[in-house]
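Chemist: how would this look folded up:
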Amino acid sequence: MGLDTKFIDKTNAMPGNENKVKEVGRYLYCIADAGESLSLGGIGIAKNRVYTIPYNDICAVVHNCPAQPYQSENHDIVKTWVITHQEVVDAAWTRWGTVLPLSFDTIIKGESDSNAEQNVKDWLKQEYERLKKKMEDVRGKAEYGVQVFWNPKIISQNLMETNQGIKELNDVIRTKPKGLAYMYRQKLENLIKHEMETGADVCFRVFYNRIKKHTTDIRVEKTKKAEQGLQMILNLSCLVHKDRYPELGEELDSINQMEGFSVRFTGPWPPYSFVGGVS
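Modeler: Numbering: from 1, shown residues only. Alright, predicted model coming up:
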């Protein structure tokens with residue numbers, strides 16, 4: 001982009017500039033599918049007043065701020081800021097239906113209030129066609145999170161009962177003296193581990209393809225540590241048209257009914273994962 005939305009002039013922090021008037025900026029939450037000038041009230045970070053800066057039939061949802069990042073060594077404070085950012089985006093999404101969320105701490109700077117305001121308008125004008133295209137890509141759609149887990153104990157027990165190679169090796173162990181049996185048990189554990197890794201890969205591909213057919217777009221996210229003895233084998237962000245949501249829910253329910261498997265289905269949210277490159 002021609003205008004760097006996160007560029008901060010560091011000269012104010014240099015020795016000798018302590019008395020220099022700080023530059024001002026506009027903190028951007030999202031771009032909304034509306035060309036209206038409107039105040040949303042003090043719902044922003046640190047209770048700042050959130051309002052819109054329109055250009056043509058779109059607008060930036062912003063609050064006034066110093067042209068410097070939001071920083072704190074207190075993790076709870078930063079977490080509160082991020083949550084508030086998401087809440088403002090959610091409020092805009094509820095009001096206007098289609099929004100392009102911007103990442104936390106996206107700031108357009110200016111040397112004065114009027115200059116900062118104009119910089120936002122200039123950016124909207126410069127990026128108008130690209131922003132409108134992205135809005136059309138996500139119109140009528142929402143983001144959902146899909147995580148699929150399996151229970152390793154149940155899966156490994158099923159392998160012990162159904163995998164011929166594992167069954168035969170387990171039978172051999174029963175006939176061996178104690179010393180040799182230990183060696184064979186190590187071999188059995190390695191075989192079960194290998195079969196489970198292979199099985200996880202197969203399940204990933206099968207579940208991914210089953211889920212993908214109900215989505216407009218899909219992103220594979222990193223798997224996370226699970227609780228209660230479960231293992232996450234699939235973590236997806238899905239962009240789903242509102243008319244396809246029931247179909248996706250039925251597909252996930254069928255996976256959830258499989259022995260040893262469970263599904264976590266979250267959303268709907270604004271399309272955070274599918275508007276990359278907006279800022």
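
Chemist: Assign a three-state SS to residue 27, would you?
Modeler: strand (DSSP: H, G, I helix; E, B strand; the rest coil).

Chemist: how about the helices of this protein, start to end?
Modeler: 75-96, 113-126, 128-138, 152-162, 164-175, 178-212, 245-256 (DSSP state H).

Chemist: Of those helices, which shows the lowest average pLDDT?
Modeler: Of all these, the minimum mean pLDDT falls on helix 164-175 (a mean of 65).

Chemist: what domains does the record give for the chain?
Modeler: Here the domain parsing of the chain from automatic domain parsing is 10-138, 141-274.

Chemist: Could I get those in JSON lines, plus columns for mean neighbour count?
Modeler: All C-beta spots, glycine's among them, are computed from the backbone N, C-alpha and C. Below are these laid out as JSON lines (neighbours: other CB atoms under 10 Å):
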{"stretch": "domain 10-138", "mean neighbour count": "17"}
{"stretch": "domain 141-274", "mean neighbour count": "15"}
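
Chemist: returning to what we had before: redo the helices of the chain as a markdown table? Include distance to residue 30.
Modeler: Compiled in a markdown table, the helices of the chain are given as follows (distance: least, CB to CB, whole Å):
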| stretch | distance to residue 30 |
| --- | --- |
| helix 75-96 | 5 |
| helix 113-126 | 12 |
| helix 128-138 | 11 |
| helix 152-162 | 41 |
| helix 164-175 | 53 |
| helix 178-212 | 27 |
| helix 245-256 | 22 |
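
Chemist: which residues touch the residue nearest the centre of the chain?
Modeler: Nearest to the geometric centre of the chain sits residue 273, at 5.0 Å (CA atoms, centre = their mean). Residues near residue 273 by CB atoms under 8 Å, 6 or more residues apart in numbering: 143, 219, 237, 239.

Chemist: Keep only those of those residues that are in strands.
Modeler: Among those, DSSP state E puts 143, 219, 237, 239 in strands.

Chemist: Apart from its chain neighbours, what residue comes closest to the second one?
Modeler: Using CB to CB, 6 or more residues apart in numbering and skipping the chain neighbours, the partner closest in space to residue 219 is residue 237 (4.3 Å).

Chemist: Equivalent analysis for residue 146, please.
Modeler: With sequence-adjacent residues excluded and distances taken as CB to CB, 6+ apart, residue 146 is closest to residue 236, at 4.5 Å.
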